[in-house]
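S.K.: One predicted model, sequence on top.
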Amino acid sequence: MTETPQWLDDAAGPVVRPYALIRGRTRSSGDAFDLVATVTVVGEPSGEAAGELGPEQRLILRAARSPISVADVAVELDLPIGVVRVLLGDLRDNGFISVTSPSAARQRSNEGILKEVINGLRAL
Amino acid sequence: MDSGLSDDPVALKILVAGGFGVGKTTLVGAISEIKPLRTEEVLSERGIGVDDIDGVEAKTTTTVAMDFGRITIRDGLVVYLFGTPGQERFWFMWDELSYGALGAVVIADTRRLTDCFPSVDYFEQRGTPFVVAVNCFDGAARHSVDDVRIALDLDPDVPVLLCDVRRRSSAKEVMVTLVEHSLRTLTATG
């Protein structure tokens, strides 16, 4: 008897294509988020707004209870960064999260931090 | 939870660039504490026509998204590694990736040294501190660091070092060399 190959779970790929999750949009409203910007939950969704959240957005809110980077959110949800940005934009527009961009200039120019990084890398 | 007002979390970005098939994904994987986020696609016959794989014929997959790695130095201080896609058609991603980056590692393969010219040009033009890490592939002719420096026409202050991107200790040395170089660049420019 030959086995019929079956496409299940991971082998079948995602049930919903990533860009369908965000209804075909490719950009979030407002400024784009830096990959290493910090996402933090600022408001717990309740009532009607909570009901409108999709499963991915709920996952983001759970992941961002303690501050998390945009790139890490993409890893947690296993979704493309472009999709994650749009989902984050919606959450920010609804006042559920705040997104803090890293101050690139300040960090790059902080000698103390760079020395700490060098020592930390050496100790790995 | 700590309010963190006095000590904002710091996230630093390091880029890993270089030609196609030069070992960017391997380098990120060798040092990251998490499994690199990546999408390796099997090279199709069409891709093989487009992607120049002379000298790297054994390579059958390529990075189509980006590599992503993380090194936690301490609570609130994290270094993120981003491997930039190897092929020219993904260069549009570079501007975003390099914005605010601490520095970049350009990986070079001496069998195909010209492949890293665009990366070197890019970081020179943007003033992003970078180091050149010569990946010593099995069977690749060894060249001295000085030969590579001359071939790439690098400024004398740009560090060039030999490495084996598969080895964690080697990847670590590359990263330390880069951050030290960034620090020197910083103190030199005041």
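M.R.: Ah, there it is.

S.K.: For the spatially most central residue of chain A, give its distance to chain B.
M.R.: Most central in chain A under C-alpha atoms, centre = their mean is A:Val73, positioned 3.1 Å from the mean C-alpha point. Distance of A:Val73 to chain B, given as C-beta to the nearest C-beta, to the nearest Å: 11 Å. In short, each C-beta sits where N, CA and C put it, glycine included.

S.K.: what's in contact with the helix or strand hosting that residue?
M.R.: Assigned by DSSP states H and E, A:Val73 falls within helix A:70-77. Contact partners of helix A:70-77, identified using C-beta atoms under 8 Å, 6 or more residues apart in numbering or on different chains, comprise A:33-37, A:39, A:56, A:59-60, A:63-64, A:68, A:80-81, A:84-85, A:88, A:99, B:34, B:37, B:68, B:70, B:80, B:82.

S.K.: What residues does B:Leu113 make contact with?
M.R.: Applying C-beta under 8 Å, 6+ apart to B:Leu113 gives the contacts B:Val148, B:Ala151, B:Leu152.

S.K.: Quick check: the last one vs B:Leu162, distance?
M.R.: Pointing back at B:Leu152 there. To B:Leu162, B:Leu152 is 14 Å away according to C-beta to C-beta, to the nearest Å.

S.K.: Same question for the first one.
M.R.: Using C-beta to C-beta, one obtains 9 Å as the distance from B:Val148 to B:Leu162.

S.K.: Between the two, which contacts overlap?
M.R.: Here B:Val148 and B:Leu162 have B:Val134 as joint contacts, going by C-beta under 8 Å, 6+ apart.

S.K.: And the pLDDT at the residue nearest to the centre of chain A?
M.R.: pLDDT, A:Val73: 90.

S.K.: try the one 5 residues further on
M.R.: Reading off the per-residue confidence, A:Asp78 sits at a pLDDT of 79.

S.K.: How many residues are close by it?
M.R.: A:Asp78 has 10 neighbours, counted by other C-beta atoms under 10 Å in any protein chain shown.

S.K.: how about the helices of the chain, start to end?
M.R.: You didn't pick a chain, so chain A it is. Taking DSSP state H as the test, the helices found in chain A are A:9-12, A:18-21, A:47-51, A:55-63, A:70-77, A:81-93, A:104-108, A:111-122.

S.K.: actually chain B
M.R.: Secondary structure of chain B (DSSP H): helices located at B:24-31, B:45-50, B:94-98, B:117-126, B:145-152, B:168-189.

S.K.: From the chain's centroid, how far away is the longest one?
M.R.: So the one you mean is helix B:168-189. Chain-centre distance of helix B:168-189: 13 Å, with C-alpha atoms, centre = their mean, to the nearest Å.

S.K.: and that helix with chain A, contact?
M.R.: Yes - counting by C-beta under 8 Å from any C-beta of the partner chain, chain A has neighbours in helix B:168-189: B:Arg168, B:Lys172, B:Met175, B:Val176, B:Val179, B:Glu180, B:Ser182, B:Leu183, B:Leu186, B:Thr187.

S.K.: Which of these sits closest to B:Gly19?
M.R.: Proximity of the residues of helix B:168-189 next to chain A to B:Gly19 (C-beta to C-beta) peaks at B:Met175, which lies at 19.9 Å.

S.K.: from what I can see the closest one touches A:Leu121, true?
M.R.: Yes - assessed by C-beta atoms under 8 Å, B:Met175 is found in contact with A:Leu121 at 5.2 Å.

S.K.: neighbour-wise, which of the two wins?
M.R.: For the pair B:Met175 and A:Leu121, the greater number of neighbours falls to B:Met175 (26 against 22), based on other C-beta under 10 Å.

S.K.: For the more buried one, give me its contacts.
M.R.: Contact analysis of B:Met175 by C-beta under 8 Å, 6+ apart lists A:Leu121, B:Ile14, B:Ile31, B:Ile71, B:Val79, B:Val105.

S.K.: do the same with A:Arg23
M.R.: Contacts for A:Arg23 (C-beta under 8 Å, 6+ apart) come out as none.

S.K.: one step back: now the common contact residues for B:Met175 and A:Leu121.
M.R.: B:Ile71, B:Val79.

S.K.: follow-up on the earlier one: PyMOL command for the buried members of the residues of helix B:168-189 next to chain A?
M.R.: Selection of buried members from the residues of helix B:168-189 next to chain A for PyMOL, criterion 16 or more other C-beta atoms under 10 Å in any protein chain shown:
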select buried, chain B and resi 172+175+176+179+180+182+183+186
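
S.K.: follow-up on the earlier one: for the contacts of B:Met175, which entry has the maximal number of neighbours?
M.R.: Busiest of these [other C-beta under 10 Å] is B:Val105, holding 28 neighbours.
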